[in-house]
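Engineer: Any chance you could fold what I've pasted below:
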Amino acid sequence: MVIRFQVDPDFYDHPKTTGMSDAAFSLWVRAGSFSAAKLQDGFISEDVLVHTLRSSVEVAEELVVRGLWRRRRGGFQFHQYADRNLTKERVESDRATDRDRKRKTRGSVKPQEETLFVRPESERNPDGNQAESEGIPERSVSVSLSVSESVSESGRPVDRCTRHTNDPSPPPCRGCASAREAQEKWDHETSTRRQNAIRVCRLCDADGRRWDPAGKHRGTVGPCNHRPLVAVS
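Structural biologist: Numbering: from 1, shown residues only. The predicted structure follows:
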C-alpha cells in the first residue's frame, strides 16, 4: 500500500494560504509528509516540530491562526486530516486484509513433489538379467525431497526454497510459499524495529540519518546507529 500526504491542487492560492509565510507553507507540507509516513493521523508534537521538522512554535501558531492547524495537548493537529488522508486504523486494517489474502492464496497452492522415474526391468535389461536390480518393482517410484529454508548473507531469509534458489520462474511450491512468508515476517519485524528506534532517537532525523555533531544546521552525516558518541581519552 502506497501512503501519501494529500495536497489540494488549489492549496497554493486558497484563501487560508494567501499571504502565508514561506516558513509556514514549508512546515505544513513537511509536517504532513511526516504524519503520513509515521501514521500520526495529523498530530505533530512540539518535540517533532522543533527537533525533526526544524521549525518553531511561532511558525506553527501562524498555521493555527489561519485555520490549517489547531492546538492540541502536547502539540498541534492538522485540520480535517482524516477527511483527506488515510488514517492509521485504515492503513493497518488494509495491511491485515492483504496479509490474510496472501496467506489464503498460498494455502491453496498444492505442495509439489519431485518424482524420480525408474524404468521397468524389462526395458533396462531385455535379456532378463536382474543381478543388480533384484526387487525393483516395475512401476514409477515417487520420492518426496525435503526442503529447507535459506538465509542470505545479510540474515534476511530468501524467497525461494532450496530446490528453486536459482530458478527465475519457479512453479507453485509449498516450500517457496513458506520461504516468502518467512521473508515477509522478517521484513515487517525489521521495519518495525527501525521505525521505533527512529521515533525515540534524538540524534537523527525522520529518515534515520544522524545529525552532524557540530549542529543540525550542518545537516546529516550518515545512517544513525541511535547510540551517543563516546569520547575517547
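
Engineer: This protein: strands as residue ranges?
Structural biologist: Using DSSP state E, the strands of the chain run over 43-45, 69-72, 75-78, 115-116, 141-142, 149-151, 157-161, 209-211, 220-223.

Engineer: Helix or strand with the lowest mean pLDDT in the protein?
Structural biologist: The least trusted helix or strand in the chain, going by mean pLDDT, DSSP states H and E, turns out to be strand 141-142, with a mean of 40.

Engineer: thinking again about what came up before, could you export the strands of the chain as TSV, including mean neighbour count and distance to Pro168?
Structural biologist: For every residue, glycine as well, the C-beta is placed using N, CA and C. Shown next, in TSV, are these (neighbours: other Cβ atoms under 10 Å; distance: least, Cβ to Cβ, whole Å):
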stretch	mean neighbour count	distance to Pro168
strand 43-45	20	45
strand 69-72	15	51
strand 75-78	21	45
strand 115-116	10	22
strand 141-142	10	27
strand 149-151	14	16
strand 157-161	20	10
strand 209-211	17	35
strand 220-223	12	32
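
Engineer: how about these, which one is nearest Met20?
Structural biologist: Ranking the strands of the chain by proximity to Met20 (Cβ to Cβ) places strand 69-72 first, at 11.9 Å.

Engineer: Note down every partner strand of that closest one and its orientation.
Structural biologist: strand 75-78 (antiparallel) (DSSP bridges).

Engineer: mean confidence score for the partner strand?
Structural biologist: Mean per-residue pLDDT for strand 75-78: 97.

Engineer: How about stretch 11-29?
Structural biologist: The model assigns stretch 11-29 a mean pLDDT of 94.

Engineer: Could you pull out the buried residues of that stretch?
Structural biologist: Thr17, Met20, Ala24, Phe25, Leu27, Trp28 (16 or more other Cβ atoms under 10 Å).

Engineer: Not counting its neighbours along the chain, what's nearest the first one?
Structural biologist: Nearest non-adjacent residue to Thr17, counting by Cβ to Cβ, 6 or more residues apart in numbering: Phe11, 6.2 Å away.

Engineer: From Ala214, how far out is that neighbour?
Structural biologist: In this structure, Phe11 lies at 36 Å from Ala214, with Cβ to Cβ, to the nearest Å as the measure.

Engineer: for Asp100, same thing?
Structural biologist: Going from Asp100 to Ala214 by Cβ to Cβ gives 49 Å.

Engineer: One more: Asp10?
Structural biologist: Applying Cβ to Cβ to Asp10 and Ala214 gives a distance of 42 Å.

Engineer: Same question for Arg72.
Structural biologist: 34 Å.

Engineer: likewise Asp83?
Structural biologist: Distance from Asp83 to Ala214, counting by Cβ to Cβ: 43 Å.
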